[in-house]
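1. generate coordinates for the sequence data below:
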Amino acid sequence: MSTPADASLARLEGIAASGDFVTAPDELAQYEIDGVAPRAGIRASSADQVVEILRAAFSERLAVIPVGNATQLGVGSPPARYDVALVLSKLSQRLGYDPGDLTLTAGAGMTIGMLSLELQKHGQFLPLDSLAGDFATVGGILATNSSGPLRHAYGTARDFVLGLDYVNGEGARTKSGGRVVKSVAGYDIHKLHIGALGSLGVILSANFKTFPLPATQATFVVRFAEADGALKLRAAVAASDLQPRAFDMVSPEAARFLRHTDAAKADHLDVPDVDWEDTRKYVGEEKAAEYKKKYDEAAALAQESIAQAKSAPLFSEKYWTVLIAAGGNERVVERHCRDLEALAEQAGAASFSEARPEDSPEGCEEWRWIRSFPDCARRTSPAAAILKVTVLPSAFAAVISATKRSAEQNDVPIAAMVRAAGVVSCAVTPRENDDAAITELAAVCEEIIAAARKAGGSAVIELCPPALKRKMNIWGVPRGDIELMRRLKKEFDPAGILAPGRMMGL
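-> Next up, the predicted model:
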């Protein structure tokens, strides 16, 4: 803007490159969080510029929320203040990669789709995952601590992020961790930023440990009439020598969402527009051409998924469907097939089969839809709430029983997806989207949170309508370490300008 409506934003306008500072309401709408729009948006073109922006914001006490491709802004509490959306999508360079050492450094604005394409050239991958598919950025995935089916074998981002380059709330650039797998340099301070929603610092880049792609992959599909059989199989596999890459259980109610989501409305597979002229301006003609090629490849994969999305025949609305991914050499996969079939029979399975093969490194198409479960549920019911319940696997049965009982007592459909690593995703789907439905939704969510706590675990609401966030605490029962978290927030962000209110009200 040539004449800032608010003088406190004037310094930021002077820092931004031409066209990278926006205040028009229609442009700011894409950065809204739970109906709250920023007063301005600024696209940073370099790490140094992020430092300069945050120093100015600290001086002016402007509340800043970092944004990537704006694909996961619904995660977290509504902002207490929101002056500036700091957009990091231009920080999309691969800053370093040593395939022989299995290490990589990527800018926070790099999409997981582009990153995957880079790694595939060298027969490697990164088990990062997102609710938003290939167009989620590295920074956004880390800030929300997203995880998916591969969490079973590889853990969460905290297990393979080696270090971070970030800027704190005073505009000081800091590095934590290292760039090699075996390193004693520094402390694990970078792990604090994973899942912090940008409330402790703005991530500039991340160093990762990468993994070799399995030479052979297969997905096995097992169906059970009841959840008990699926849980029995899970326990048998855990007690065996088998090491599957992923093990997910899909309830019949969840299958309904996954089978009948309208592909034409599958926005999570939509291809966002990219200003290639702007990209050439900042990274040069050669790099821009390289990025465009990767972008086009990722876009083609997304369009192919949309074309295939009209049905997912391996999910059943009658049975619990268990998907198990195996990988390694042919003998390893063959052993998984043989032993899993025997264990499934012992657990009383209704059927056992192998999924249709796919050329994608991700495996069969059903895994893509399992990743998109929250989005599918919310398309079926706009008022849906997605809860993440974290418990020991021994408590899965208690949580599933509690959700089933709550669904019957409140006459509200609840779909469940169980990840063998210790996570149950619950989608509570009211039939209406009005005040009464939100009140009912809050009561059901409170029951699930209480059931998780009774089972020795915890639960948070990952995604839900803004109206529900105003009615209840989406973070569940206050944690015992909340005072420590407040002290950390004060240390990293003394003026409280980074994503205020987004993380447990901090």
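
2. shouldn't Ser45 be in contact with Phe21?
-> No - at 11.6 Å, Ser45 does not count as touching Phe21 under the criterion of C-beta atoms under 8 Å. Bear in mind the C-beta positions are built from the backbone N, C-alpha and C, glycine included.

3. would you map the helices across the stretch 1-150 of the chain?
-> 10-15, 25-28, 47-60, 112-120, 138-144 (DSSP state H, counting those that start in this stretch).

4. and those helices: which comes nearest Pro465?
-> Checking the helices of the stretch 1-150 of the chain against Pro465 by C-beta to C-beta gives helix 138-144 as the closest, at 18.2 Å.

5. tell me how far that closest one lies from the chain's centre.
-> 7 Å (C-alpha atoms, centre = their mean, to the nearest Å).

6. for the helix or strand that that helix is followed by, name the packing helices and strands.
-> Once the chain leaves helix 138-144, the next helix or strand it forms, by DSSP states H and E, is helix 151-154. Under the contact criterion of 3 or more C-beta pairs under 8 Å, 6 or more residues apart in numbering; DSSP states H and E, helix 151-154 touches strand 246-250.

7. quick one: strands adjacent to the strand it packs on?
-> Looking at strand 246-250 with DSSP bridges, its partner strands are strand 320-328 (antiparallel), strand 414-419 (antiparallel).

8. relative orientation of whatever helix or strand comes next after that strand and strand 414-419 in degrees?
-> Sequence-wise, the next helix or strand downstream of strand 246-250 (DSSP H and E) is helix 252-260. Angle, helix 252-260 to strand 414-419, by axes from the mean of the first three to the mean of the last three C-alpha atoms, to 10 degrees: 90 degrees.

9. that older thread, kindly reformat the strands paired with strand 246-250 as a markdown table containing distance to Leu102 and mean pLDDT.
-> Output for those, formatted as a markdown table (distance: least, C-beta to C-beta, whole Å; pLDDT from 0 to 100):
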| stretch | distance to Leu102 | mean pLDDT |
| --- | --- | --- |
| strand 320-328 | 16 | 95 |
| strand 414-419 | 25 | 95 |
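
10. which one of the helices of the stretch 1-150 of the chain lies closest to Leu104?
-> Closest among these, using C-beta to C-beta: helix 112-120, at 7.2 Å.

11. need the winner for burial among the helices of the stretch 1-150 of the chain.
-> Of all the helices of the stretch 1-150 of the chain, helix 138-144 carries the top mean neighbour count, a mean of 28, counting by mean count of other C-beta atoms under 10 Å.

12. nearest to Ser353, out of the helices of the stretch 1-150 of the chain?
-> Proximity to Ser353 (C-beta to C-beta) singles out helix 112-120 among the helices of the stretch 1-150 of the chain, at 27.5 Å.

13. what's that closest one packed up against?
-> Counting by 3+ C-beta pairs under 8 Å, 6+ apart, helix 112-120 packs on strand 94-98, strand 103-107, helix 138-144, helix 285-308.

14. rerun at 10 Å
-> strand 94-98, strand 103-107, strand 124-125, helix 138-144, helix 285-308 (3 or more C-beta pairs under 10 Å, 6 or more residues apart in numbering; DSSP states H and E).

15. ok and the first one relative to helix 112-120, angle-wise?
-> Think strand 94-98. 30 degrees.

16. pairing partners for strand 94-98, with directions?
-> Here, using DSSP bridges, strand 94-98 pairs with strand 103-107 (antiparallel).

17. what angle sits between the strand it pairs with and helix 47-60?
-> Strand 103-107 and helix 47-60 meet at an angle of 50 degrees, taking the same axes, to 10 degrees as the criterion.

18. where's strand 103-107 relative to the chain centroid, distance-wise?
-> 18 Å.

19. local confidence estimate at the closest residue to Pro25 other than its chain neighbours?
-> Leaving out its chain neighbours, the residue that sits closest to Pro25 by C-beta to C-beta, 6 or more residues apart in numbering is Ala37, at 7.1 Å. Note for Ala37: predicted pLDDT of 97.

20. contact partners for Ala37?
-> By C-beta atoms under 10 Å, 6 or more residues apart in numbering, the residues touching Ala37 are 25, 27-31, 82, 85.

21. any idea what the closest residue to Glu118 other than its chain neighbours is bridged to?
-> Excluding its sequence neighbours, the residue lying closest to Glu118 (C-beta to C-beta, 6+ apart) is Arg94, at 5.9 Å. Note on Arg94: beta-bridge partners Ala106, judged by DSSP bridges.

22. count the residues that sit near Arg94.
-> By other C-beta atoms under 10 Å, the residues close to Arg94 number 18.

23. kindly report the same for the one 5 residues further on.
-> A count of nearby residues for Pro99, using other C-beta under 10 Å, gives 15.

24. leaving out the residues flanking it, which one is nearest to it?
-> His122 is the one closest to Pro99 (C-beta to C-beta, 6+ apart), at 4.2 Å.

25. check which helix or strand covers Leu231.
-> Here Leu231 is assigned to helix 227-239, by DSSP H and E.

26. and that helix, what does it pack onto?
-> Using 3+ C-beta pairs under 10 Å, 6+ apart: helix 227-239 touches strand 216-224, strand 246-250, strand 320-328, helix 330-346, helix 396-410, strand 414-419.

27. and Asp98, which of the ones you listed is closest to it?
-> Nearest to Asp98, of all these, is strand 320-328, at 23.0 Å by C-beta to C-beta.

28. and stretch 400-417, how far out from the chain's middle?
-> The answer for stretch 400-417 is 24 Å, by C-alpha atoms, centre = their mean.

29. what are the buried residues along it?
-> 400, 402-403, 406-407, 410, 412-417 (16 or more other C-beta atoms under 10 Å).

30. closest to Arg453 out of the residues you listed?
-> Ala402 (10.7 Å).

31. ok, the closest one to Phe58 distance?
-> 46 Å (C-beta to C-beta, to the nearest Å).

32. again, but for Val161
-> 26 Å.

33. again, but for Ala255
-> Distance from Ala255 to Phe58, by C-beta to C-beta: 49 Å.

34. could I have stretch 14-21 exported to CSV, CA atoms only?
-> Output in CSV follows, covering the C-alpha atoms of stretch 14-21 (Å, rounded to 0.1, in the frame of the first residue of the first chain):
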residue,chain,number,x,y,z
GLY,A,14,9.4,-0.7,3.2
ILE,A,15,11.0,-4.0,3.7
ALA,A,16,8.9,-5.9,1.2
ALA,A,17,9.7,-6.2,-2.4
SER,A,18,7.3,-4.7,-4.9
GLY,A,19,4.0,-6.6,-4.9
ASP,A,20,4.9,-8.6,-1.8
PHE,A,21,3.0,-6.5,0.7
